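Student: Below is the structure, and that's it, no one-letter string:
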DNA sequence: TCATCCATGTAAAAAGTTACATGATTTT
DNA sequence: AAAATCATGTAACTTTTTACATGGATGA
């Protein structure tokens, strides 16, 4: 389960609470989970049972007390092993629209054009949202030049993905129009 | 649940058994489910209860008897409504590697280069497999020119996705090397 | 002879999401 | 006065995957 490794990796930055982790995972879109409480708190418990993190309870006046989690030496070791030795999964996608297109063989050309436009609208919207998310995250300070470079490349990867999808939509539309005119 | 709509859409091609559906969904990689028995047979039951499909049992000598499912008129109506009126979901990705890269800020340059190469290998392999899958599927006959065009565009979409990922990996590697030399 | 194909189904586990529950403080 | 933030946790549900179960026919 890579979710727990993600927690571990973020705790390498600095010790923090489950609530902090939740916020980070939720705003980082490429950490693709919902980042809900259930996963976070269960994950932290499991990591603690494996001795990969420890926590220290901080009581606060006029605020709920917090558990600050810190990664242990064996936690760092396990995490580095995951990074270096785990098989690198190829990207996975779910493009429901491809299924819809595959099953639209007997639709009228105009209808196919319509659903292509709907998809285009949806991808454009997503791209805008993604750019806004990244603008906000660009304000976060990175630990060093390498981390900054890697995060900028990740941004590029995500933006590219949506932009390539838009280019592909245009191509399909152009091809459909030629068919329609005949 | 788009899985059941997928079943419905494939049944629009022609009546067939759950087993046939399973094979089609399994070999069509962009229908991203495992296409396991549980989903197929439960899905068909649900569709039948909604009156969207009917089945006819065919007994066979020396082979298990089969249930041939046929889409009903209201099934076709529901399916077309799904295609035209359902919101078009933007593509979703799970790129575990982006998470690994995001958490590799304190790795040595050589180690980052190593995991990039591992990822490149993994994506290349996946691309090859995908091309082979598509070569096999290219042998299937399509119902008409439009369906043929749409399926060729879907192939292009999938191949593009992996090829763009490979281009991106090269770019990241090139950028890392400049950093390493400094 | 051993594996795969045909053909249907069930059981159980894992993974993931949504909603519930509490309660003080701060912001709108 | 209402909503959001901080902070932890639980419960219920949906979705998805893996494995089990049967059994004859065909192919390597």
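Tutor: Sure thing, it's come through. Only a predicted model underlies this, so the values are computations on that prediction, with no experimental measurement involved.
Student: From here on, just use CA atoms for contacts and neighbour counts.
Tutor: Will do.
Student: Spatially central, which residue of chain A would that be?
Tutor: residue A:30 (1.6 Å; Cα atoms, centre = their mean).
Student: Helix, strand, or coil at that residue?
Tutor: Residue A:30 falls in the coil class when you classify it by DSSP: H, G, I helix; E, B strand; the rest coil.
Student: same question, residue A:57
Tutor: strand.
Student: partners of it in the sheet?
Tutor: For residue A:57, the beta-bridge partners are residue A:67 (DSSP bridges).
Student: need the contact list for the residue nearest to the centre of chain A.
Tutor: By Cα atoms under 8 Å, 6 or more residues apart in numbering or on different chains, the contact list for residue A:30 reads B:93, B:94, B:95, B:98, B:99.
Student: Could you identify which of those has the most neighbours?
Tutor: Neighbour counts for those (other Cα atoms under 10 Å in any protein chain shown) peak at residue B:99, which has 22 neighbours.
Student: Nearest spatial neighbour of that one, chain-adjacent residues omitted?
Tutor: residue A:31 (6.3 Å; Cα to Cα, 6 or more residues apart in numbering or on different chains).
Student: ok now whichever helix or strand residue A:161 is part of, how far from the chain's centre?
Tutor: Using DSSP states H and E, residue A:161 falls within helix A:145-181. Centroid displacement of helix A:145-181 relative to its chain, using Cα atoms, centre = their mean, to the nearest Å, is 17 Å.
Student: try stretch A:162-182
Tutor: Centroid separation for stretch A:162-182 versus its chain: 28 Å, with Cα atoms, centre = their mean.
Student: so which of the contacts of residue A:30 would you say is closest to residue B:156?
Tutor: Distance to residue B:156, by Cα to Cα, is smallest for residue B:93 among these, at 17.5 Å.
Student: sorry, back to before: surely the residue nearest to residue B:99 and residue A:25 touch.
Tutor: Yes: look at residue A:31 against residue A:25 with Cα atoms under 8 Å: they come within range, at 6.0 Å.
Student: contact partners of stretch A:146-157?
Tutor: By Cα under 8 Å, 6+ apart, stretch A:146-157 touches A:134, A:142, B:98, B:101, B:102, B:104, B:105, B:106, B:165, B:168, B:172.
Student: Report how many residues lie close to the residue lying closest to the second one once chain neighbours are set aside.
Tutor: This means residue A:142. Computed as Cα to Cα, 6+ apart, the closest residue to residue A:142 that is not its neighbour in sequence is residue A:148, at 5.7 Å. Number of residues near residue A:148 (other Cα under 10 Å) recorded here: 16.
Student: domain ranges for chain A?
Tutor: Here chain A is described, according to automatic domain parsing, as comprising the domains A:2-85, A:96-181.
Student: Could you pull out the helices in chain A for me?
Tutor: Ranges of helices in chain A, per DSSP state H, are A:2-11, A:18-27, A:37-49, A:73-85, A:96-102, A:109-137, A:145-181.
Student: what's the spacing between residue A:85 and residue B:111?
Tutor: Distance, residue A:85 to residue B:111, by Cα to Cα, to the nearest Å: 11 Å.
Student: Repeat that for residue A:67.
Tutor: Residue A:67 sits 33 Å away from residue B:111, going by Cα to Cα.
Student: between these two, which one's more packed in?
Tutor: residue A:67 (17 against 14).
Student: any low-confidence regions in chain A?
Tutor: For chain A, residues meeting the criterion pLDDT under 70 lie at A:62, A:180-182.
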